[in-house]
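Undergrad: what follows is a predicted structure for the sequence shown.
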Amino acid sequence: MITVEEAKGIIFDRTRRLDPISSSLEEALGLVLAEDIHSDQDLPPFDNSAMDGFAVRSGDIENPLLVIGELAAGSLFEGEIKTGEALRIMTGAMLPPGADAVLKFEDSETRDGRVKALVSLRQGENVRRKGEDIKKGMKVLPEGLILRPAQLGVLASLGITKISVFPRPRVGILSTGDEVIAPGQPIMPGQIRDSNSTILAALVREAGGIPVLLGIAPDRREEIEKKFEEAKDFEAFITSGGVSMGDFDYVGETAKKRGKIFFDQVAQQPGKPFTFGEVNEKPFFGLPGNPVSTMVTFTLYLRPALRKMMGYEELEAPRCLVRIEEDIEKRKKRRQFLRAVREKNSSGEILARLTGPQGSGILRSMAIADSLLIVPEGEGSFEKGTLLEAIPL
């Protein structure tokens, strides 16, 4: 049995970033950029009006100006603004030659075809200058940047439609067990409904991956082997159940036969029977069958591993310090991850209380939790008010 840190070290060391792919902007949200982006143009590409108003000479507004026309965004003015003239202009329209400022509509008064300025005006006022946002040759976005709506907007403004990104991993998900049935089927004595497939698919999608459900395999060696064969083309493979010490737990045996196993137990609770290896030279994660154990092990190990595949620099969720609101008696030496809810008191301190019974099969306690409270290794008591670390969920 290895420690939590040792397990993380092995998994992160054996997990590789995926090769970049070309992606459309529409499919790139949340992905990591795999190349530096340099601009081949200035943005804006020309001086333009930042306001609806009148294009004028800033030193020529003491007297009313003759309005010589109107210019909408996207249109061109075939002429020049001369002394004593103004051109009605809309936001985004190219500033015409001769003009060096824009007088806002609300700062003006129009009568008999002439416009009078009600305020003073500086050169360049209400004008967006060519290249003030982006200059030609500038590195606009660096490799490793997570693409959010603003970054995608910058790329679109540069006319870029395809970019190199690290892809989302396709993750095969398999539940195992003779007692496990699909959620829509009538339940018989001794059976349980498969919640792990739904949980894992949601967790994979939330982490940025693409879940592929492979169904439920009964506890028969040949059926397990068929599912392993189906999963050979995925970037990662997750099973739930079948990794304990029972006589019919064939998952670990099959994984070892088709690849290699690096460890099969971690000194933690819940999630002690957790297997990690490589099958078909791809990461394999054999998770416990209890739903809470499945979620805890995914949070600690699989989410960071998937993020590494996708090129993220920050792999693990940030932790926070909390003050526990009740005594915690620890009888096992393994590190514990307890379901808890955080809240702030009047002093701004973050408090944490447990969500109830902490058995690894009690899924409701996970459903109402917003944190995993980390109780360090060793036996002993932690009194109310003790500071502990927590992982926000």
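TA: Ah, there it is.

Undergrad: okay, now the unreliable bits of the stretch 251-393 of the chain?
TA: Residue ranges of the stretch 251-393 of the chain with pLDDT under 70: none are present.

Undergrad: strands along that one, start to end?
TA: With strands called from DSSP state E, counting those that start in this stretch, the stretch 251-393 of the chain shows them at 259-263, 268-269, 275-279, 282-287, 320-324, 328-330, 335-344, 350-354, 371-375, 380-382, 387-392.

Undergrad: residue at max distance from the center of the chain?
TA: For the chain, the largest distance from the centre (C-alpha atoms, centre = their mean) belongs to Asp112, which lies 58.0 Å off.

Undergrad: need the pLDDT of the residue lying closest to Met138 once chain neighbours are set aside.
TA: Using C-beta to C-beta, 6 or more residues apart in numbering and skipping residues adjacent in sequence, the residue nearest Met138 is Ser39, 5.1 Å away. From N, CA and C alone the C-beta is placed, and that goes for glycine too. At Ser39, the pLDDT value in this model is 97.

Undergrad: could you do Met245 as well?
TA: On pLDDT, Met245 comes in at 58.

Undergrad: any idea which element Asp13 lies in?
TA: Using DSSP states H and E, Asp13 sits within helix 4-14.

Undergrad: got the buried residues for whatever helix or strand comes next after that helix?
TA: Next in sequence after helix 4-14, counting helices and strands by DSSP H and E, comes strand 21-24. Neighbour counts over strand 21-24 (16 or more other C-beta atoms under 10 Å) mark Ser23 as buried.

Undergrad: give me the number of residues near the nearest residue to Leu152 once chain neighbours are set aside?
TA: In space, and not counting its chain neighbours, Leu152 is closest to Leu25: 5.1 Å by C-beta to C-beta, 6+ apart. By the measure other C-beta atoms under 10 Å, the count of residues near Leu25 is 16.

Undergrad: distance check, Leu25 against Lys257.
TA: When distance is defined by C-beta to C-beta, to the nearest Å, Leu25 is 44 Å away from Lys257.

Undergrad: just Ser49 next, same as before
TA: Separation of Ser49 from Lys257 (C-beta to C-beta) stands at 71 Å.

Undergrad: with Ala201 instead?
TA: For Ala201, the distance to Lys257 - C-beta to C-beta - is 26 Å.

Undergrad: neighbour count winner among those two?
TA: Comparing Ala201 with Lys257 by neighbour count (other C-beta under 10 Å), the higher total belongs to Ala201, at 18 against 12.

Undergrad: phi, psi for Glu62 please.
TA: When quoted as degrees, to the nearest 10, the phi and psi of Glu62 stand at phi -70, psi -30.

Undergrad: so Ala156, which state does it fall into?
TA: Following DSSP: H, G, I helix; E, B strand; the rest coil, Ala156 is assigned to helix.

Undergrad: run through the residues that contact it.
TA: The contact partners of Ala156, by C-beta atoms under 8 Å, 6 or more residues apart in numbering, come to Leu25.

Undergrad: check what pLDDT it gets.
TA: 97.

Undergrad: for the one 4 residues further on, same thing?
TA: Per-residue pLDDT puts Ile160 at 97.

Undergrad: I figured it hits His38, correct?
TA: No - the criterion here is C-beta atoms under 8 Å, and Ile160 misses it with His38 at 10.5 Å.

Undergrad: higher neighbour count, these two?
TA: Taking neighbours as other C-beta under 10 Å, Ile160 and His38 compare with Ile160 leading, 16 against 13.

Undergrad: check which helix or strand covers that one.
TA: For Ile160, there is no host helix or strand (DSSP H and E).

Undergrad: Gly241 versus that one, what's the distance?
TA: Using C-beta to C-beta, Ile160 is found at 46 Å from Gly241.

Undergrad: and what of Val154?
TA: With C-beta to C-beta as the criterion, Val154 and Gly241 are 46 Å apart.

Undergrad: neighbour-wise, which of the two wins?
TA: Neighbours were counted for Val154 and for Gly241 using other C-beta under 10 Å; Gly241 has more, 26 against 18.

Undergrad: skipping adjacent residues, who's closest to that one in space?
TA: Nearest-residue entry for Gly241: Gly289, 3.4 Å, with adjacent residues in sequence omitted and distances by C-beta to C-beta, 6+ apart.

Undergrad: that neighbour - how many residues pack around it?
TA: 25.

Undergrad: is it true that it touches Asn196?
TA: Yes - judged on C-beta under 8 Å, Gly289 makes contact with Asn196 at a distance of 7.1 Å.

Undergrad: got the contact list for Lys268?
TA: Residue 268: Gln, not Lys. Per C-beta under 8 Å, 6+ apart, neighbours of Gln268: 4, 274, 296, 300, 334-337.

Undergrad: let's see 6 Å
TA: When contacts are counted by C-beta atoms under 6 Å, 6 or more residues apart in numbering, Gln268 touches 4, 334-335.

Undergrad: what does Ile2 give?
TA: Counting by C-beta under 6 Å, 6+ apart, Ile2 touches Phe263.

Undergrad: how close does it sit to Pro288?
TA: Using C-beta to C-beta, we find Ile2 at a distance of 16 Å from Pro288.

Undergrad: with Arg128 instead?
TA: Going from Arg128 to Pro288 by C-beta to C-beta gives 58 Å.

Undergrad: ok, those two, which is more surrounded?
TA: Using other C-beta under 10 Å, the more surrounded residue of Arg128 and Pro288 is Pro288, with 23 against 20.

Undergrad: so the more buried one sits against Pro273, correct?
TA: Yes - under the criterion of C-beta atoms under 6 Å, Pro288 makes contact with Pro273 at 5.1 Å.
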